[in-house]
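Asker: sequence and predicted structure, then a few things I'm wondering about:
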Amino acid sequence: MITNIALSGAQAAQAALAVASQNVANLMTPGYTRQGILLSAVSGLGGTKLAGSGVNVSALLRFADGYKSQQLWSAASNLGQYSVSQPYLTQLESVMGNGTSNIDSGLDAFFAALNAATVDPTSSPLRQQVITAADALAQRFNSLNQLLVNQRASVFSQREAVVAQANSLAVGIAALNEQIAGTHGTEVNASGLVDERDRKIDELAGLIGIQVVDQADGSRSVSLRSGQPLVIGSLAGSLSLQANPNGSQTLKLSFVQETFTLPTTNLGGRLGGLADFENQELLPLMQSIQEMAQQVASRTNTQLAAGFALNGSVGTSLFEAAPTSGIMQVRSGILGQDLAFSGNAELPGDSSNLLALVALKEQPVTLTTLGSVLLSDAHAQLVGRLAMDSQKNQVALSTSTTVRNQAEESWKSTSGVSEDEEAINLMQYLRMYEANMKVVSVANQLLDSTLAMIN
């Protein structure tokens, strides 16, 4: 009896040493959840004089806190949302804030050329300088518009990559659900499978906001923030993108026989960040730049049409719509002599219409994002608004980074492996094993002594 009790203790110590060794081996493994062992005394069945029948390994423990995991995934979603848009905002700030190449400096150069021409409205060099400045202004509008178009194309491409990655993760989570559910009620330790599933859920949370619910069979159901199911048991939904006639993309989710059109707001994760940037910053800015260019062109052309060229002919337009590569350009074939600076057909040196052109800079333009603002202030206000949006996103990104780090530390306090703690466990269980083996040795000596007495 003593030998059996001691052997059960030695076996329990070996099991505990194996668990501690597994923890130490995975000390640096990302997402590994530390394990423990639950020991219970085996009651004696031989009456009140028998202390017991040894020790039993009741269960392997997995030190996991569902609340902390949920906090970790929520933090991943917020971090993904704010981190994905910051590179776009930073690039726009850099380009639009460049004092030597932005639209504001182009407008200043254009109106400076017009103002310089008032000295001698008939001067060919001064007139040509106006055309050169107008062409440079058009190029700046086109360059900025092309940057915005390129950013939108990049958003589309990035969104497609995120959707493909999210679908792959959803399929992986569903497959792991099936494996984990298959171990439910058995003696198979599924901790490694659960860790792998949690890592995939964490990656998925960084791509799109999710809600996770534990099921009785050990599986986890994953749904979007708006309630649509993405993973239920071994079934996984599929995200897709639909191209619309207006150039936008619609995100859809197919699950079994149902198809859901997902909202563009409150998506969370990288998909939510891309949608927010596109709809709240990129498209409004693109519209404002196009409106600004159109009003500069139309007002300049309208004013020129009210004047007369050097030969006394009625003024013609300076700007025209650009082909697919831009939004405006200087009219092909226009010459300096064609600029209608005069307000009198018989006085080529008259500058009354030229002065009216110069005054356009201080007239208001109407932009959807700003309302009515002076043309001279429009670009500065657009840059200011962009800077505020970028600063707001940077603050949110900094906060979400801090929250994520805190969530990781909180998770590690429960589920992470402590090198010092495991070292202590190894020593304690080693001593437990040695002590039990000493009991076995003592039991053998007693047996040998008893046999010697009998003989």
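Answerer: Thanks, I have it.

Asker: residue boundaries of the strands in the stretch 301-450 of the chain?
Answerer: For the stretch 301-450 of the chain, the strands defined by DSSP state E, counting those that start in this stretch occupy 319-320, 329-330, 364-367, 371-374.

Asker: can you count the residues close to the residue nearest to Val42 when sequence neighbours are not counted?
Answerer: Sequence neighbours aside, Ser53 is the residue nearest to Val42 in space, at 4.1 Å (criterion: C-beta to C-beta, 6 or more residues apart in numbering). The way it works is simple: take the backbone N, C-alpha and C, and place the C-beta from them, glycine included. Ser53: 16 surrounding residues under other C-beta atoms under 10 Å.

Asker: same check, this time on Ser124
Answerer: 12.

Asker: go on, Arg197?
Answerer: Residues near Arg197, counting by other C-beta under 10 Å: 25.

Asker: same check on Asn311?
Answerer: By other C-beta under 10 Å, the residues close to Asn311 number 9.

Asker: of the strands of the stretch 301-450 of the chain, which is nearest Ala297?
Answerer: Proximity to Ala297 (C-beta to C-beta) singles out strand 319-320 among the strands of the stretch 301-450 of the chain, at 3.7 Å.

Asker: show me what that closest one is packed against.
Answerer: Using 3 or more C-beta pairs under 8 Å, 6 or more residues apart in numbering; DSSP states H and E as the contact test, the elements touching strand 319-320 are helix 283-305, strand 329-330.

Asker: and of these, who's closest to Arg431?
Answerer: Of all these, helix 283-305 sits nearest to Arg431, with 68.5 Å by C-beta to C-beta.

Asker: what's in contact with the closest one?
Answerer: Residues from elsewhere that reach helix 283-305 (C-beta atoms under 8 Å, 6 or more residues apart in numbering): 92, 103, 107, 134, 137-138, 141, 144-145, 148-149, 152, 314-320, 327-328, 339-340, 353, 356-357, 360, 363, 365-370, 375, 378-379, 382, 386.

Asker: how about a cut-off of 6 Å?
Answerer: Residues from elsewhere that reach helix 283-305 (C-beta atoms under 6 Å, 6 or more residues apart in numbering): 141, 144-145, 148, 315, 317-319, 327-328, 340, 356-357, 360, 365, 367-369, 378, 382.

Asker: just the pLDDT at Val19, thanks.
Answerer: pLDDT for Val19: 94.

Asker: repeat that for the one 10 residues further on.
Answerer: According to the per-residue confidence, Thr29 scores 93 in pLDDT.

Asker: quick one: it from Leu176, how far?
Answerer: Note on Thr29: its distance to Leu176, by C-beta to C-beta, to the nearest Å, is 17 Å.

Asker: please say which of those two ends up with more neighbours.
Answerer: Comparing Thr29 with Leu176 by other C-beta under 10 Å, the one with more neighbours is Leu176, at 24 against 11.

Asker: got the contact list for that one?
Answerer: With contacts defined as C-beta under 6 Å, 6+ apart, Leu176 is in contact with Leu193, Arg197.

Asker: quick one: which of the contacts of helix 283-305 sit in helices?
Answerer: Of the positions in the contacts of helix 283-305, Phe141, Leu144, Asn145, Leu148, Ala356, Leu357, Ala378, Leu382 sit in helices, assigned by DSSP state H.

Asker: kindly present those residues as a markdown table, with separate columns for neighbour count.
Answerer: As requested, those are exported to a markdown table (neighbours: other C-beta atoms under 10 Å):
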| residue | neighbour count |
| --- | --- |
| Phe141 | 25 |
| Leu144 | 24 |
| Asn145 | 20 |
| Leu148 | 21 |
| Ala356 | 15 |
| Leu357 | 26 |
| Ala378 | 25 |
| Leu382 | 24 |
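
Asker: most widely separated two among the residues you listed?
Answerer: Spatially, the most separated pair among these is Leu148 and Ala356, at 31.7 Å (C-beta to C-beta).

Asker: any stretches of the chain with poor pLDDT?
Answerer: Where the chain drops to pLDDT under 70, the residues are 44-49, 455.

Asker: how close does the residue nearest to Val42 get to Asn301?
Answerer: For Ser53, the distance to Asn301 - C-beta to C-beta - is 101 Å.

Asker: what do you get for Asp350?
Answerer: For Asp350, the distance to Asn301 - C-beta to C-beta - is 20 Å.

Asker: what does Ala396 give?
Answerer: To Asn301, Ala396 is 43 Å away according to C-beta to C-beta.

Asker: Gln445 too?
Answerer: Here the distance between Gln445 and Asn301 works out to 112 Å (C-beta to C-beta).

Asker: the more surrounded of these two?
Answerer: Between Gln445 and Asn301, counted using other C-beta under 10 Å, the more crowded position is Asn301 (16 against 10).

Asker: columns distance to Ala435 on top of the ones in helices among the contacts of helix 283-305, output as a markdown table?
Answerer: Compiled in a markdown table, the ones in helices among the contacts of helix 283-305 are given as follows (distance: C-beta to C-beta, whole Å):
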| residue | distance to Ala435 |
| --- | --- |
| Phe141 | 84 |
| Leu144 | 78 |
| Asn145 | 80 |
| Leu148 | 74 |
| Ala356 | 103 |
| Leu357 | 100 |
| Ala378 | 84 |
| Leu382 | 77 |
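
Asker: among those, which one sits closest to Leu17?
Answerer: Nearest to Leu17 among the ones in helices among the contacts of helix 283-305: Leu148, at 62.5 Å, using C-beta to C-beta.

Asker: not counting sequence-adjacent ones, nearest residue to the closest one?
Answerer: Distances taken as C-beta to C-beta, 6+ apart put Met286 closest to Leu148, at 4.4 Å, once the chain neighbours are dropped.

Asker: do Gln128 as well
Answerer: Closest to Gln128 by C-beta to C-beta, 6+ apart is Gly336, at 4.5 Å.

Asker: still on that earlier bit, tell me which of the helices and strands packed on strand 319-320 lies nearest to Asn405.
Answerer: Judged by C-beta to C-beta, the one of those that comes nearest to Asn405 is helix 283-305, at 32.2 Å.

Asker: list the buried residues for that closest one?
Answerer: The neighbour-count check on helix 283-305 (16 or more other C-beta atoms under 10 Å) flags 283-286, 288-297, 299-301, 303-304 as buried.
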